[in-house]
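>>> Structure for the following, please:
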Amino acid sequence: MIIFREEKFGGILFDTRTMSYKFIEKVSDCDFALIKRKIPMLAANERQDIVSAPIQVYIELTQKCNLRCGHCFTNAADTPSEGVPTKVWLAILDEMSSIGVINARFTGGEPTCRKDWYEILSHARKLNFAISLQTNGIYDNAATTIKKIASLDIEQVTISLDGIGRTHDSLRGYGAFDKLMASMDLMKSEGIKLRFNTILTTSNVDQMPQIFDLVSQYGVSINLFYMRSLGKGANNSKIALDFEEHAKSAVEILELWKKYPGIHVSHSGFYHSEPARHNPKFPTVSYPYGNIAISIASDASYWPHHYSIYQGINFKLGQYPKDRIIDVWSGSKKLDGFRKWLDLLRDRCERCIEYRNRCSGVNFEMEIEKFCGRAAANPFCISAEPAPEPWKYLED
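Residues are numbered from 1 along each chain as shown. Okay, the predicted model is just below:
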């Protein structure tokens, strides 16, 4: 399905099959018959340099989790608290709908650890969001949970797969791989086509042929990305690929992909040989976070990125219900500072000889870790040019 949202510059086309978007100047720039849903420009945002409201909102439904993954980028745990009450999330979803948000992306922790997860996602379904659910695939009652997921007819269900057999278990716990496979079989029987997230590590980089074979049987896409030393992952940085290994992995994955043309592949090391041409009539989007997306933590606070929740209070943008999403989006000086910092990082990347050679560009989370003193360096960057410090751009 194609969703169209009106903007001052024309509009946004969002494809629910690929969960991707593009800007257009007028509806006639595409096949009008393909548009199944139209969203008027409801947000009271007079700015020309940003879109009228977030296209995507990442919702950390809970920090509660049923696994203890050693490489987890967050502080997910077996906490008694599930997070803010049900009514808060329902009200936030109503507000998101009122300003024209298209894609609600539910993450955690493990979202299904909340007793009310189905009620919350059902409400999102009624509001006609394109819905993404990030899950580890491990459930107390897999058959019942998976039937509920299937009944929601979610546009994207994403499973975490970090290797085959013991490799997956070494990160997620003994028996996790077998339980995941059992859930995947149930999901396949229910007609759920999966997207896979795989964190590239020294343990699984040689298992890509087996992983791709598995993905081709159960899914439609796979996203391979950096091992970041965030959250619990800070204690497992030794399993991360370095710059050279990551660049080599991207080349090998491109070659492997040729054997699996039926699945879509993303890799955090993929790059384009030619820079994309920017239409000056469109807002500049140097990076999704803060430019087309925003995140809401399990305590209903606002953040520019779903990992910045764990990188320092300096990145906090506001708190529901005191602050409205649209006011933060269009009026937060701190968010504007974050956008400016990302622009400066992008400009630095574009001056590097490795950009679009062996590097796809900004890895801002690790730049933040470096400036926080939690990492000695950004292992995915070999530029000799100093990166701009984020702090002076994050003033309230």
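>>> What residues are bridge-paired with residue 7?
residue 10 (DSSP bridges).
>>> what separates it from residue 1, distance-wise?
Separation of residue 7 from residue 1 (C-beta to C-beta, to the nearest Å): 19 Å. From N, CA and C alone the C-beta is placed, and that goes for glycine too.
>>> and the closest residue to residue 98 other than its chain neighbours, how many neighbours?
The shortest distance from residue 98 to any non-neighbouring residue, by C-beta to C-beta, 6 or more residues apart in numbering, is to residue 42 (6.4 Å). Neighbour count for residue 42, taken as other C-beta atoms under 10 Å: 15.
>>> what do you get for the one 4 residues further on?
The number of residues packed around residue 46, counting by other C-beta under 10 Å, is 8.
>>> Report pLDDT for the closest residue to it other than its chain neighbours.
Setting aside the residues directly before and after it, residue 46 is nearest to residue 330 in space (C-beta to C-beta, 6+ apart), at 8.0 Å. Note for residue 330: predicted pLDDT of 94.
>>> What residues does residue 330 make contact with?
Applying C-beta atoms under 8 Å, 6 or more residues apart in numbering to residue 330 gives the contacts 43, 45-47, 50.
>>> Likewise for residue 296?
57-60, 92, 302-303, 320.
>>> next one: residue 62
So residue 62 contacts 82-83, 108-111, 113-114, 298 (C-beta under 8 Å, 6+ apart).
>>> I'd guess it is in a helix, am I close?
No: Residue 62: not assigned to a helix; according to DSSP: H, G, I helix; E, B strand; the rest coil it is coil.
>>> Please report how far it lies from residue 371.
Residue 62 sits 29 Å away from residue 371, going by C-beta to C-beta.
>>> can you check residue 165 too?
Distance of residue 165 to residue 371, computed by C-beta to C-beta: 38 Å.
>>> okay, these two: which has more neighbours?
Using other C-beta under 10 Å, the more surrounded residue of residue 165 and residue 371 is residue 371, with 17 against 12.
>>> Quick check, the more buried one in contact with residue 388.
No: if you go by C-beta atoms under 8 Å, residue 371 and residue 388 don't touch, sitting 9.5 Å apart.
>>> could you pull out the helices for the stretch 251-396 of the chain?
Secondary structure of the stretch 251-396 of the chain by DSSP state H, counting those that start in this stretch: the helices cover 325-331, 333-350, 364-372.
>>> For those, give me a markdown table that also has distance to residue 28.
As requested, the helices of the stretch 251-396 of the chain are arranged in a markdown table below (distance: least, C-beta to C-beta, whole Å):
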| stretch | distance to residue 28 |
| --- | --- |
| helix 325-331 | 28 |
| helix 333-350 | 31 |
| helix 364-372 | 37 |
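>>> Show me which of the contacts of residue 330 is closest to residue 153.
residue 43 (27.0 Å; C-beta to C-beta).
>>> What about the contacts of residue 62, which one has the most neighbours?
The contacts of residue 62, ranked by neighbours (other C-beta under 10 Å): first place residue 109, 27 neighbours.
>>> Go ahead and confirm that residue touches residue 63.
Yes: counting by C-beta under 8 Å, residue 63 is a contact partner of residue 109 at 4.7 Å.
>>> Now do the shared contacts for these two.
74, 76, 298.
>>> min pLDDT across the residues you listed, which one?
For the shared contacts of residue 109 and residue 63, the least confident entry is residue 76, with 70.
>>> okay, now it: neighbour count?
That count, for residue 76 with other C-beta under 10 Å as the rule, works out to 26.
>>> Equivalent analysis for the one 3 residues further on, please.
If you count neighbours by other C-beta under 10 Å, residue 79 ends up with 15.
>>> do you know how far the closest residue to it other than its chain neighbours is from residue 112?
Distance criterion C-beta to C-beta, 6+ apart; nearest residue to residue 79, sequence neighbours excluded, is residue 64 at 5.3 Å. Residue 64 sits at a distance of 10 Å from residue 112 (criterion: C-beta to C-beta).
>>> that older thread, and residue 7 and residue 1? Which one has more around it.
Neighbours per residue (other C-beta under 10 Å) separate residue 7 from residue 1, with residue 7 holding more: 22 against 12.
>>> low-confidence ranges in the stretch 1-150 of the chain?
In the predicted model, the stretch 1-150 of the chain carries pLDDT under 70 at residues 29, 32, 43-44, 77, 80.
>>> could you redo the last one with a cut-off of 80?
26-33, 42-46, 70-81 (pLDDT under 80).
>>> Which residue ranges of it form strands?
2-7, 10-15, 20-24, 35-39, 56-60, 103-107, 130-135 (DSSP state E, counting those that start in this stretch).
>>> And the contacts of the first one?
Judged by C-beta under 8 Å, 6+ apart, the contacts made with strand 2-7 from elsewhere in the structure are 11-16, 23, 27, 30, 34-41, 51-52, 55, 100, 102, 130.
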